[in-house]
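Q: coords please:
(2 chains)
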Number of protein chains: 2
Amino acid sequence: MDILVKDLDYALDPDLRIYRGIDILIRREDGGVKLYRGRNLLEKFNLDRRDLKVIDGDKKCAIPGLSNNHTHIPMTLLRGIADDMILQNWLREKIWPNEEKLTGEDVYYGALLGCLEMLRFGVTSFNDMYFFPEEIVRATKEVGIKGAIGYPVIDFGTPQYKDLDKLLINCEKFIRRYIGEERIKPVVAPHAPYTCSKDTYLYCKEVSQEYNVPMHTHLSETRYEVVEMENRMGMRPVEYLESIGVLGENLIAAHCVWVTKEEVKKLARYGVKVVHCPGSNMKLASGGVMPLVEMLREGVPLSLGTDGPASNNNLDILEEMKICSLLHKAHRWDPRVGDVDTVLGMAFNSEVIGFENKDIVLLDLKSPHLRPVHSIKSNIVYSANGNDVDTVIVDGEVLLENRKFTRIDERDLRTLYSKIDRIVEKFE
Amino acid sequence: MDILVKDLDYALDPDLRIYRGIDILIRREDGGVKLYRGRNLLEKFNLDRRDLKVIDGDKKCAIPGLSNNHTHIPMTLLRGIADDMILQNWLREKIWPNEEKLTGEDVYYGALLGCLEMLRFGVTSFNDMYFFPEEIVRATKEVGIKGAIGYPVIDFGTPQYKDLDKLLINCEKFIRRYIGEERIKPVVAPHAPYTCSKDTYLYCKEVSQEYNVPMHTHLSETRYEVVEMENRMGMRPVEYLESIGVLGENLIAAHCVWVTKEEVKKLARYGVKVVHCPGSNMKLASGGVMPLVEMLREGVPLSLGTDGPASNNNLDILEEMKICSLLHKAHRWDPRVGDVDTVLGMAFNSEVIGFENKDIVLLDLKSPHLRPVHSIKSNIVYSANGNDVDTVIVDGEVLLENRKFTRIDERDLRTLYSKIDRIVEKFE
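A: From the prediction side, this is the model:
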């Protein structure tokens, strides 16, 4: 059934144009979804209300779907298990030992929780990297949002496959199995230059090219990683990936905190898609700040990610926009940096992970903190948070309405929470 | 009527102790409110359910009231009117000209909106500084939260009184009028060392001492201010206030971003209450970072403030906690800084503005982003936001229940929003 969002107070389209007092018609046409924005669409299209789902847009603002372009959603299971710790201790003592205990079923439930959290917060597409990715696909399909699901490749193996060869074989199987699905894009995900050999990257690149799917990797997240790479290879991480021929338009690189201006130019020249994770970088005290101004100047395609919920500790892209803006203003001593258009553009950018943005998220403007509206963009970036999302429409399907999930009910949610409480009992 | 919050999943007291599976009894005793925490309080106190308001604590966490210790709440009216601008331009072109147009009634409505926003977000006490403070008192009393309301003194006058002498006379009148009120504390608020002369500060100090009320001032917010003061006085702002005898336990100093280690020691020695406003400092790109580690080391009494909603742009102390933690971790390259205990302690610190914290805020733990609960403190600081507040009990009175205001209804809220939309029409 087509959907008409009627009499919206405000709307923002993916090009950041602002509309007032319009309707949005969401139609299924030629096997796809088409959006129409304008006044009095009921009359203009001569629509019959009985064939329509009509949603009241009064005191609401429609925005495109938010996109979380670097995350590890099953890590909801580890949310808050340890914070305020030195990175290496945090990983060695708390994260890795517990990840070892995760089964495919655990990952499925963790991913389900993560997808529901994102849906609740208006995040309609995401780019993930975690083991048991087929379980993440399963959870994503159940919730109904759009997932670019990375098959994680790492030389010392994952808790799913300890053996690199098995990982590589299954990686290709995974890509073949899920290619062509509607709301799922399989992705090859070599972990990072310090955990994957040249051969591993080249194999991943081959698979990526053969099936025309993106590669998703961590890049220059910490200073340690850069120093280690310089000592071992005599090159910085971006230079190294260039030298082995891995930089390209199909590469999605998360973090890129510790990059030089020369490396920024390389990222731009090759069209690498950089995902900025300000909240995680700050929380883990990665040190340094991703060079936002330089990336924008060189034209690097930028978007936002929360990183995994163990290092953030949520999947709220509305919050991430504000953190991004504040970080760069403070870092540059310049309030003009990280302006609303820049961060909104990053937050709506699902194209770089392979999804056209035809999703509609309605924000409820009836809370005191969103009044008055001098600038709707400002209220979205600086005043709102994920809980202000009221309705989410993905590919023409209403998945959240009046803050309630449409596909699952309160009882399902309680069951899921109990299940998760049982799973995490085994953690140290 | 006494209130029993029954079977809470979690509770945190002002000393940051964690309780599980307890009840909280909120009793009126000897003209005040007393809190009891423990298991099975219905039986232990032999209570009759008919004499009680019982609130279900299932899947909820009780925390003390949050305290917003530096703000200008009527600036809700200017929320989002301009962002991403250089501070001086922002003030001269957008803030000051529009503040000139504000009437007492406008300030009342702006304050009402601000108080409702804070109540919705679990902020039960605040420390304000804005003109027409009697209108802010009126709004605060209507909403029912607790306000330390500053009478703003500034040498070139305010939009309320252009004349300094009139300001000073009315300041004392204001203090006399509101002293002894239950949820209101009148405060003397000399604006800042660069806008108030020595004589003004000394007059304010006299009033503060005579009536035993706090003084609230801005201090070392920007680098510009420090340089200007050094050029004019040969001293830095904290040194200057020491030299004129204004530092002391009754002084609440907002910001203190640009202070030396020596100045931190002075602040500690005199027992000055420093209010940290990380979100505003970052958004306005004040440059520098308040020396949190040094302040803690020296024992400066610290708390949090959002600053005015035009420079934040909300009054959400739950969000401010996370921003605070992230800022200092990133600044120090140390994830151990700004740990959960530190920021929770700052957020609950209403004592420094003169209010004992006997308020109870219930957070709803039923949202996906607050599951599972490995560490309730972590989930509060890093995962939650203001909208997760479900119930607010101030001085034994339920002011918010199931996310609804108890004293005002939907219609009142709509009327208020319309009123505010009309007020802001005159802005440039």
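Q: Local confidence estimate at the closest residue in space to A:Arg336 that isn't next to it in sequence?
A: Closest residue to A:Arg336 apart from its sequence neighbours, by CB to CB, 6 or more residues apart in numbering or on different chains: B:Asp84 at 5.3 Å. For every residue, glycine as well, the C-beta is placed using N, CA and C. Per-residue confidence (pLDDT) for B:Asp84: 93.
Q: Quick check: B:Asp84 touching A:Thr342?
A: No: assessed by CB atoms under 8 Å, B:Asp84 is found out of contact with A:Thr342, at 9.0 Å.
Q: pLDDT at the nearest residue to A:Leu102 once chain neighbours are set aside, what is it?
A: In this structure, A:Leu102 finds its nearest non-sequential neighbour in A:Pro159, 5.9 Å apart by CB to CB, 6+ apart. A:Pro159 is assigned 93 on the pLDDT scale.
Q: re earlier: could you count how many residues lie near the residue nearest to A:Arg336?
A: 23 (other CB atoms under 10 Å in any protein chain shown).
Q: what secondary structure does it sit in?
A: Assigned by DSSP: H, G, I helix; E, B strand; the rest coil, the conformation of B:Asp84 is coil.
Q: Let me see the contact set for it.
A: By CB atoms under 8 Å, 6 or more residues apart in numbering or on different chains, B:Asp84 lies in contact with A:Lys329, A:Pro335, A:Arg336, A:Gly338, A:Asp339, A:Val340.
Q: in the stretch 251-400 of chain A, which spans are strands?
A: A:251-255, A:273-276, A:302-304, A:360-364, A:389-394, A:397-401 (DSSP state E, counting those that start in this stretch).
Q: buried set for the helix or strand of chain A with the lowest mean pLDDT?
A: Scoring the helices and strands of chain A by mean pLDDT, DSSP states H and E places helix A:87-89 at the bottom, with a mean of 87. By neighbour count with 16 or more other CB atoms under 10 Å in any protein chain shown, helix A:87-89 contains the buried residues A:Leu87.
Q: which other helices and strands contact the helix or strand following it?
A: Next along the chain after helix A:87-89, taking DSSP states H and E as the criterion, comes helix A:96-99. Counting contacts by 3 or more CB pairs under 8 Å, 6 or more residues apart in numbering or on different chains; DSSP states H and E, helix A:96-99 is packed against no other helix or strand.
Q: List the buried residues of helix A:96-99.
A: Result for helix A:96-99 [16+ other CB under 10 Å]: buried residues A:Asn98, A:Glu99.
Q: Please enumerate residues in contact with it?
A: In contact with helix A:96-99 (CB under 8 Å, 6+ apart) are residues A:Leu78, A:Ile81, A:Phe131, A:Pro159, A:Phe427, A:Glu428.
Q: Select from those residues the one having the most neighbours.
A: Neighbour counts for these peak at A:Leu78, which has 24 neighbours (criterion: other CB under 10 Å).
Q: Apart from its chain neighbours, what residue comes closest to that one?
A: Excluding its sequence neighbours, the residue lying closest to A:Leu78 (CB to CB, 6+ apart) is A:Ala310, at 4.1 Å.
Q: Identify the residues contacting that neighbour.
A: Residues in contact with A:Ala310, defined by CB under 8 Å, 6+ apart, are A:His72, A:Met75, A:Leu78, A:Arg79, A:Gly80, A:Ile81, A:Ala82, A:Ile95.
Q: Quick one: low-confidence residue ranges for the stretch 101-250 of chain A.
A: Scanning the stretch 101-250 of chain A for pLDDT under 70 picks out nothing.
Q: what about the residue in it positioned nearest to chain B, how many residues close to it?
A: Chain B sits closest to A:Glu117 of the stretch 101-250 of chain A, with a gap of 3.8 Å, by CB to the nearest CB. Neighbours of A:Glu117 under the rule other CB under 10 Å: 27.
Q: A:Glu225 now?
A: Neighbour tally, A:Glu225, other CB under 10 Å: 22.
Q: Look up how far chain B lies from A:Asp334.
A: Distance from A:Asp334 to chain B, counting by CB to the nearest CB, to the nearest Å: 5 Å.
Q: Leaving out the residues flanking it, which one is nearest to the residue nearest the centre of chain A?
A: Centrality entry for chain A: nearest residue to the mean C-alpha point is A:Asn68, 1.5 Å, by CA atoms, centre = their mean. Nearest residue to A:Asn68, sequence neighbours excluded (CB to CB, 6+ apart): A:Phe126, at 4.2 Å.
Q: Can you pull the phi and psi angles for the one you found?
A: phi -150, psi 160 (degrees, to the nearest 10).
Q: list the contacts for it?
A: By CB under 8 Å, 6+ apart, the neighbours of A:Phe126 are A:Ser67, A:Asn68, A:Asn69, A:Thr71, A:Ile73, A:Met118, A:Ile145, A:Lys146, A:Gly147, A:Ala148, A:Leu315, A:Ile353.
Q: Now stretch A:419-428: buried residues?
A: Under the neighbour-count criterion of 16+ other CB under 10 Å, stretch A:419-428 has A:Ile420, A:Ile423, A:Val424, A:Phe427 buried.
Q: Strands of the stretch 101-250 of chain A, residue ranges please.
A: A:123-129, A:146-153, A:184-190, A:215-219.
Q: and B:Asp388, which of those strands is closest to it?
A: Closest approach to B:Asp388 among the strands of the stretch 101-250 of chain A (CB to CB): strand A:123-129, 17.3 Å.
Q: what residues are up against the residue nearest to A:Leu102?
A: A:Glu99, A:Glu100, A:Lys101, A:Leu102, A:Phe131.
Q: From those residues, pick the one nearest B:Asn281.
A: Lowest distance from B:Asn281 to those (CB to CB) belongs to A:Glu99, with 37.0 Å.
Q: Next one, pLDDT for that closest one please.
A: Value listed for A:Glu99 in the pLDDT field: 96.
Q: got a list of what the nearest residue to A:Ala111 once chain neighbours are set aside touches?
A: Excluding the flanking residues, the one nearest A:Ala111 by CB to CB, 6+ apart is A:Ala139, at 3.7 Å. Counting by CB under 8 Å, 6+ apart, A:Ala139 touches A:Tyr108, A:Tyr109, A:Ala111, A:Leu112, A:Gly114, A:Cys115.
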